[in-house]
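A.B. asks: what follows is a predicted protein model with its sequence.
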Amino acid sequence: MRNLVFFAIVRVKNGRKHSFFVSSGMENGNFVVCNKKVIEMMEGKRAIVMGATSGIGLEVAKVLSERGWLVGIAGRRQERLQQIQRENPNIQATQCIDVTLKDAVEGLQCLIGKMGGMDLYFHSSGIGYQNPSLDSDKELLTVRTNAEGFTRMVDVAWKYFAEQDREGHIAVISSIAGTKGLGAAPAYSSTKRYVSHYLECLTQLCYIRGLRNLYIHDIRPGFVRTALLTDGGNYPVQLDPEKVARQIVRGIERNRSIITLDWKYRILVFFWRIIPRWVWVRMKIVSK
Ligand SMILES: NC(=O)c1ccc[n+]([C@@H]2O[C@H](COP(=O)([O-])OP(=O)(O)OC[C@H]3O[C@@H](n4cnc5c(N)ncnc54)[C@H](OP(=O)(O)O)[C@@H]3O)[C@@H](O)[C@H]2O)c1
């Protein structure tokens, strides 16, 4: 027995029009509510995930493919990329890309070509170290990967979407580590601040250029149980990467511009922000 009621909602948020077509009713005794926008996004949309060989990027690629997206994945480890593709049929294409190298631009363009286009660019590539001794190699590699590599890739994605006349999404994982300067991980904390700031700039640039269909998402997780945290440090309240991936995808589908995960870290960040600088810099925050 199917009894469906349809109604449309048009909402204006930040000057952008969001159209929802909601169907609701009873189906086999269960109440069904479907958001047309969510359904549309799930059908044959193409996503590229940079840094999908492990951790959060891998989980996001899996969640997207599970939800019907066609997914292209990239990272430096070729064999790992091929293994992931074999295990996940909705992963359409792979590309070996090191974001620190100039030819990463051609790599991303090639992957977009293999996918036949792109609706979501998801950037998860990143490294990080606890580095209180300021080992220069670690600091500079972090800057090259998290700041330079991020800028190189996101600029390609932004220009691609700017030329299109339809909806597009750029989502990047920064971190709550960019909230305030972390003395034990200077390059990591600073590059995450840079990422958030850059994404804010791109969001404003969308308004300047009148790109109302291009959505920029800044994803700021707390500690997540991935390879990044296996340096022997003490990282409390670690989140499950699969749950984090589901929350990220939900946030993107709902066009959230800043996605801080999870609720515990949202509370932490709220109080963290209001600590005065002169107090914060005197606090001895270390993880070991
Ligand atoms: N885990 C956390 O607690 C946490 C918290 C907040 C934010 N984040 C951020 O989340 C993102 C993903 O990290 P994760 O926790 O999922 O760690 P992860 O498992 O180590 O994943 C990092 C990913 O980045 C890729 N990558 C690293 N360097 C690259 C390069 N030069 N070129 C292309 N890809 C590169 C890696 O692939 P290849 O090695 O194959 O290149 C891998 O797929 C990072 O930006 C991280 O800073 C993590």
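C.D. replies: Good, I have the coordinates. Bear in mind that the values here come from a model prediction, so they are computed numbers and not experimental data.
A.B. asks: would you mind finding the longest helix in the chain?
C.D. replies: In the chain, taking DSSP state H as the definition, the longest helix is helix 186-208.
A.B. asks: now the helix or strand just after that helix: mean pLDDT?
C.D. replies: Per DSSP states H and E, the first helix or strand lying C-terminal to helix 186-208 is strand 214-221. Averaged across strand 214-221, pLDDT comes to 98.
A.B. asks: what are the pairing partners of strand 214-221, and which direction each?
C.D. replies: Strands adjacent to strand 214-221 in the sheet, as given by DSSP bridges, are strand 168-173 (parallel), strand 258-261 (parallel).
A.B. asks: residues contacting the spatially most central residue of the chain?
C.D. replies: For the chain, the residue sitting closest to the mean C-alpha position, by Cα atoms, centre = their mean, is Val172 at 3.5 Å. By Cβ atoms under 8 Å, 6 or more residues apart in numbering, the residues touching Val172 are 122-123, 150, 154, 195, 199, 217-219. The C-beta positions use only the backbone N, C-alpha and C, and glycine is treated the same way.
A.B. asks: just the buried ones from those?
C.D. replies: Buried subset of those (neighbour count, 16 or more other Cβ atoms under 10 Å): 122-123, 150, 154, 195, 199, 217-219.
A.B. asks: secondary structure class for Gln92?
C.D. replies: strand (DSSP: H, G, I helix; E, B strand; the rest coil).
A.B. asks: isn't it up against Trp69?
C.D. replies: No - using Cβ atoms under 8 Å, Gln92 makes no contact with Trp69, being 9.6 Å away.
A.B. asks: pull the number of nearby residues for whatever residue of the stretch 101-250 of the chain ends up closest to the ligand.
C.D. replies: Residue nearest to the ligand within the stretch 101-250 of the chain (Cβ to the nearest ligand atom): Gly126, separated by 2.1 Å. By other Cβ atoms under 10 Å, 26 other residues sit near Gly126.
A.B. asks: spatially nearest residue to it (excluding sequence neighbours)?
C.D. replies: Distances taken as Cβ to Cβ, 6 or more residues apart in numbering put Asn146 closest to Gly126, at 5.1 Å, once the chain neighbours are dropped.
A.B. asks: residue contacts, that neighbour?
C.D. replies: Neighbours of Asn146 in contact, by Cβ under 8 Å, 6+ apart: 126-128, 187-188, 191-192, 194-195.
A.B. asks: near the ligand, which residues of the stretch 1-150 of the chain?
C.D. replies: 51-57, 75-77, 80, 97-100, 124-128, 145, 149 (Cβ under 6 Å from any ligand atom).
A.B. asks: which of the residues you listed fall in strands?
C.D. replies: Members of these lying in strands (criterion: DSSP state E): Gly75.
A.B. asks: what about the stretch 151-288 of the chain, any weak spots by pLDDT?
C.D. replies: The model of the stretch 151-288 of the chain has pLDDT under 70 over residues 288.
A.B. asks: what residues does it put near the ligand?
C.D. replies: Residues of the stretch 151-288 of the chain lying near the ligand by Cβ under 6 Å from any ligand atom: 173, 175, 221, 223-224, 226-229.
A.B. asks: want to throw the residues you listed into CSV with secondary structure and neighbour count?
C.D. replies: Converted to CSV, these look like this (DSSP: H, G, I helix; E, B strand; the rest coil; neighbours: other Cβ atoms under 10 Å):
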residue, secondary structure, neighbour count
Ile173, strand, 28
Ser175, coil, 26
Pro221, strand, 22
Phe223, coil, 18
Val224, strand, 22
Thr226, coil, 19
Ala227, helix, 10
Leu228, helix, 18
Leu229, helix, 16
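A.B. asks: tell me the spacing between Ile259 and the ligand.
C.D. replies: 12 Å (Cβ to the nearest ligand atom, to the nearest Å).
A.B. asks: what is the burial count for that residue?
C.D. replies: So Ile259, with other Cβ under 10 Å, has 22 neighbours.
A.B. asks: likewise for Arg77?
C.D. replies: Counted with other Cβ under 10 Å, residues neighbouring Arg77 total 12.
A.B. asks: one step back: which residues are common contacts for Gln92 and Trp69?
C.D. replies: What both Gln92 and Trp69 touch, as defined by Cβ under 8 Å, 6+ apart, is the set Arg46.
A.B. asks: comparing these two, which residue is more hemmed in?
C.D. replies: Trp69 (24 against 20).
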